[in-house]
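Student: everything below, folded, please.
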Amino acid sequence: MHSGIESSLQKAFFGVLALGVSCIAIELIPLSRQATYWNRCFDSTVSWINEAQDLKEWNQNAKESLAVGVCNGAVYEPKLQTN
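Tutor: A predicted model of the protein is given here:
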């Protein structure tokens, strides 16, 4: 008789576990989409900066820093530091 109760508890446990994993996966969908959009913004902004004649002398870290700020919606002061 114990094996019937244990079997029922095991099935209930796996059911709750599957439900929990499904809920977590569903909650991660918007975050995944946001990350995809942000990465696309970053890549296109870095490409634009690499093509801009005025910014060609900047090092890669400065270019990526500017791209991060643009994609995060930052507003810069008129004087940027590129070092």
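Student: next one: Asp54 from Leu66, what distance?
Tutor: Remark: distance between Asp54 and Leu66 (C-beta to C-beta, to the nearest Å) = 12 Å. Just so you know, the C-beta spots here come from the backbone N, C-alpha and C atoms, and that holds for glycine as well.
Student: okay, these two: which has more neighbours?
Tutor: Leu66 (19 against 7; other C-beta atoms under 10 Å).
Student: tabulate the CA atom coordinates of stretch 28-40 in PDB.
Tutor: Extracted as PDB, the C-alpha positions of stretch 28-40 are listed here (Å, rounded to 0.1, in the frame of the first residue of the first chain):
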ATOM      1  CA  LEU A  28      11.900  34.600 -19.300                       C
ATOM      2  CA  ILE A  29      10.400  35.200 -22.800                       C
ATOM      3  CA  PRO A  30      10.100  39.000 -22.400                       C
ATOM      4  CA  LEU A  31      13.600  39.200 -21.000                       C
ATOM      5  CA  SER A  32      15.000  37.200 -23.900                       C
ATOM      6  CA  ARG A  33      13.300  39.500 -26.400                       C
ATOM      7  CA  GLN A  34      14.600  42.600 -24.600                       C
ATOM      8  CA  ALA A  35      18.100  41.200 -24.700                       C
ATOM      9  CA  THR A  36      17.800  40.400 -28.400                       C
ATOM     10  CA  TYR A  37      16.700  44.000 -29.100                       C
ATOM     11  CA  TRP A  38      19.500  45.400 -27.000                       C
ATOM     12  CA  ASN A  39      22.100  43.300 -28.700                       C
ATOM     13  CA  ARG A  40      20.800  44.400 -32.100                       C
END
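Student: avg pLDDT for it?
Tutor: Mean per-residue pLDDT for stretch 28-40: 94.
Student: for it, what is the distance to the chain centroid?
Tutor: Stretch 28-40 sits 5 Å away from the centroid of its parent chain (C-alpha atoms, centre = their mean, to the nearest Å).
Student: can you list the buried residues in that stretch?
Tutor: By neighbour count with 16 or more other C-beta atoms under 10 Å, stretch 28-40 contains no buried residues.
Student: secondary structure element for Gly15?
Tutor: Per DSSP states H and E, Gly15 falls inside helix 2-51.
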